[in-house]
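A.B. asks: Everything below, folded, please.
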Amino acid sequence: MYGNEKRSSLIIYSAVFVALITVGGWISIPFIVPFTLQTLFVLLAASVMKKYAVIPAALYVLFGTLGLPLFHNGTAGIGILFGPTGGFLIGFILMAFIAGMFFSKKTLSADITGLVLATLLSYIFGAGWFMISSGATLPAALITCVVPFIAGDVIKITAAELVTLRLRKSEGSALDPDR
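C.D. replies: Model (predicted):
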């Protein structure tokens, strides 16, 4: 009795990355928008799963919205989505998709472009929703939701790309769900 290997891989990778994104949310430094490692794991999901990284990102948001304590510091519920950090959470889904699509091209320039675009998308969703939910001005949203995170996100982008290059070198396409 042998099942569909690709489908099994997607299920396993999805479960692993939902767990890692959750752990990344629990490792946080409190701030108006907390500093977490969630975006690093979203980017790593995109590196490994390519366009299918949307699955764990969407499941993470869905499960957290339904009440599982997956969001930063064990929070949960639809109230978190409507709070000041909700835009970042929704942005994870598109972030995973954009980065995953660029990782599919398997070139350094495409990887970097995808990582930067995905991070910018996260900022747009996060700061945009912060403005809507809190009534903040654009400069206030940028100071709260973008500027403090730039240095950390550069480190996360670098780490995600280094892991990607290492995976490609050592494993070939064994982790590629499209193979």
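A.B. asks: who's in contact with the residue nearest the centre of the chain?
C.D. replies: Centroid-nearest residue in the chain: V42, 2.6 Å away (criterion: Cα atoms, centre = their mean). Going by Cβ atoms under 8 Å, 6 or more residues apart in numbering, V42 touches 17, 21, 53, 57, 92, 95-96, 99, 118. C-betas here are computed from N, CA, C, even on glycine.
A.B. asks: Buried residues, the helix or strand where L40 lies. List them.
C.D. replies: Using DSSP states H and E, L40 sits in helix 38-49. For helix 38-49, a neighbour-count test (16 or more other Cβ atoms under 10 Å) marks 38-49 as buried.
A.B. asks: What's the first helix or strand after that helix?
C.D. replies: Assigned by DSSP H and E, the successor of helix 38-49 is helix 54-65.
A.B. asks: now the contacts of V42 as TSV including pLDDT, neighbour count and distance to T85?
C.D. replies: Formatted as TSV, these follow (pLDDT from 0 to 100; neighbours: other Cβ atoms under 10 Å; distance: Cβ to Cβ, whole Å):
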residue	pLDDT	neighbour count	distance to T85
F17	97	26	20
I21	96	28	14
A53	96	32	20
A57	97	30	15
F92	96	28	11
M95	96	30	14
A96	97	30	17
A99	97	34	20
A118	97	29	17
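A.B. asks: Would you map the strands across this structure?
C.D. replies: For the chain, the strands defined by DSSP state E cover 28-29, 35-36.
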